[in-house]
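Undergrad: turn this into a model:
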Amino acid sequence: MADVFISYAREDKARADQVAHALQSAGYDVFWDSVIPPGQTWSDFIEAKLGVCKAVIVLWSEASTKSQWVREEARMGREKGKLIPARIDAAATPFGFGEVQTADLSTWRGETEHREWQRLLEAVRGATGAPSQPAAAQPQPQAQPQTGWAPASGPAIPPPFAADNAGTAQVIYILYLASIVAGITAIIGLVMAYIYKDKGPDWLESHHVFLIHTFWIGLLYSVVSMLFLFVGIGFLMLVGVLVWWIVRCVQGLNYLSQRQPIPAPRSWLLANKPPRLKRRGLLKERGTCAGRPGAASGGIMADIFVSYAREDKARAEQVARGLEAMGLDVFWDSEIRRGRLGPITSKTNCPSAKR
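TA: Just a heads-up that it's a prediction; the model follows:
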């Protein structure tokens with residue numbers, strides 16, 4: 001009987017292997033392989049494993065938050081009181097699981113003393129007790145003659161940017177900054193941004209879009225500034241464009257180092273979003289209450305999301321009708337809860353949420 005069940009998306013298998021091997025080194029029996037014995041269905045096999053494991057670790061990522069299987073396994077673990085969530089990239093915790101404390105392993109690369117890894121181990125110990133197997137002994141280093149470079153032994157630990165081409169975006173930002181001295185590097189960076197624009201997760205794509213817009217907007221600003229050189233203010237405008245260029249690149253590198261998307265990738269000024277406008281004290285910017293508009297998850301456009309218990313439906317309807325009378329588009333009907341429109345992926349993108 002395994003101590004720990006690891007739930008993950010297929011795209012994150014390398015990271016799941018890393019977590020599993022580290023837990024095994026700590027003395028825990030881990031189930032994370034997806035090989036199903038002949039004669040058993042996937043659902044029955046996984047359900048049986050979930051039933052006997054003492055802890056269920058769910059690795060949340062851009063890929064796993066969209067996986068119905070991972071969500072179902074997380075739900076079963078939560079219902080049994082075994083859920084231990086961990087985040088391995090910048091993905092937000094899915095709707096319905098935010099109340100459970102999540103370990104942040106996005107910067108963990110196998111270090112046994114990493115603070116978040118220690119938090120995860122403490123949670124596993126609390127759920128399973130003492131390890132069922134003795135911890136693997138750490139080999140003592142032995143001095144050997146240095147005859148050349150040799151790879152370190154042990155499970156391969158993926159570098160921070162290897163899996164999703166984030167390192168390419170970092171290079172492009174550096175090329176943009178280098179273009180202050182050698183302008184040709186910005187053109188090289190632009191070409192790379194177009195090539196890698198669709199070769200990564202959504203958060204990384206926002207960086208490539210941001211870089212592309214930075215180049216063309218910066219070129220436009222520079223041309224306009226040079227036209228004004230004849231009236232005396234063009235030089236100051238060029239200095240402003242230079243400062244704008246540097247700030248944009250520094251902002252992008254900051255978001256990239258945290259593996260976060262650019263809030264406003266098509267902005268003509270900076271990377272951050274401008275303050276939202278308010279009307280009658282209520283936010284009026286349109287957003288999405290259930291995923292992206294038109295997405296397979298059943299995206300619904302609305303101004304306000306009203307959350308309520310089924311027993312309070314009459315009062316919720318009263319609030320919703322009052323808001324609709326003010327001209328606001330309100331999502332409150334429970335049709336989606338009965339599965340007619342698909343699962344709710346997130347409600348946090350609604351400009352306003354009423355409880």
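Undergrad: going by C-alpha atoms from here, please, whenever you check contacts or count neighbours.
TA: Fine.
Undergrad: run through the strands of the stretch 1-150 of the chain in chain order.
TA: Along the stretch 1-150 of the chain, the stretches classed as strands by DSSP state E, counting those that start in this stretch are 4-7, 30-31, 55-60, 83-87, 103-104.
Undergrad: could you do the stretch 201-350 of the chain as well?
TA: Counting by DSSP E, counting those that start in this stretch, the strands of the stretch 201-350 of the chain are 278-279, 282-283, 287-288, 301-302, 304-306, 330-331.
Undergrad: output the contacting helices and strands for the longest one.
TA: Other helices and strands packing on strand 304-306, by 3 or more Cα pairs under 8 Å, 6 or more residues apart in numbering; DSSP states H and E, are strand 330-331, strand 352-354.
Undergrad: residue boundaries of the helices in this structure?
TA: 13-25, 42-52, 68-79, 115-128, 166-178, 184-196, 202-227, 234-257, 313-325 (DSSP state H).
Undergrad: any buried residues in the fifth one, and which?
TA: Under the neighbour-count criterion of 16 or more other Cα atoms under 10 Å, helix 166-178 has 166-170, 172-177 buried.
Undergrad: now these as a markdown table including pLDDT and distance to Gly110?
TA: What follows is these, written out as a markdown table (pLDDT from 0 to 100; distance: Cα to Cα, whole Å):
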| residue | pLDDT | distance to Gly110 |
| --- | --- | --- |
| Ala166 | 74 | 20 |
| Gly167 | 82 | 20 |
| Thr168 | 87 | 23 |
| Ala169 | 88 | 24 |
| Gln170 | 90 | 23 |
| Ile172 | 93 | 28 |
| Tyr173 | 93 | 28 |
| Ile174 | 93 | 28 |
| Leu175 | 93 | 31 |
| Tyr176 | 94 | 33 |
| Leu177 | 93 | 33 |
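Undergrad: closest to Lys13 among those?
TA: Closest to Lys13 out of the buried residues of helix 166-178 is Ala166 (18.4 Å), distances taken as Cα to Cα.
Undergrad: who wins for proximity to Val181 among the strands of the stretch 1-150 of the chain?
TA: Closest of the strands of the stretch 1-150 of the chain to Val181 is strand 103-104, at 38.8 Å (criterion: Cα to Cα).
Undergrad: same question for that closest one, mean pLDDT?
TA: The average pLDDT within strand 103-104 is 89.
Undergrad: what lies in contact with it?
TA: If you take Cα atoms under 8 Å, 6 or more residues apart in numbering as the criterion, strand 103-104 is touched by 85-88, 116-117, 119-120.
Undergrad: farthest-separated two in these?
TA: Top of the distance list for these (Cα to Cα): Ile88 and Arg119, 14.2 Å.
Undergrad: ok, these two, which is more surrounded?
TA: Ile88 (20 against 14; other Cα atoms under 10 Å).
Undergrad: and the closest residue in space to Met226 that isn't next to it in sequence, how close does it get to Ile212?
TA: Using Cα to Cα, 6 or more residues apart in numbering and skipping residues adjacent in sequence, the residue nearest Met226 is Gly234, 5.7 Å away. Per Cα to Cα, to the nearest Å, Gly234 is found 24 Å from Ile212.
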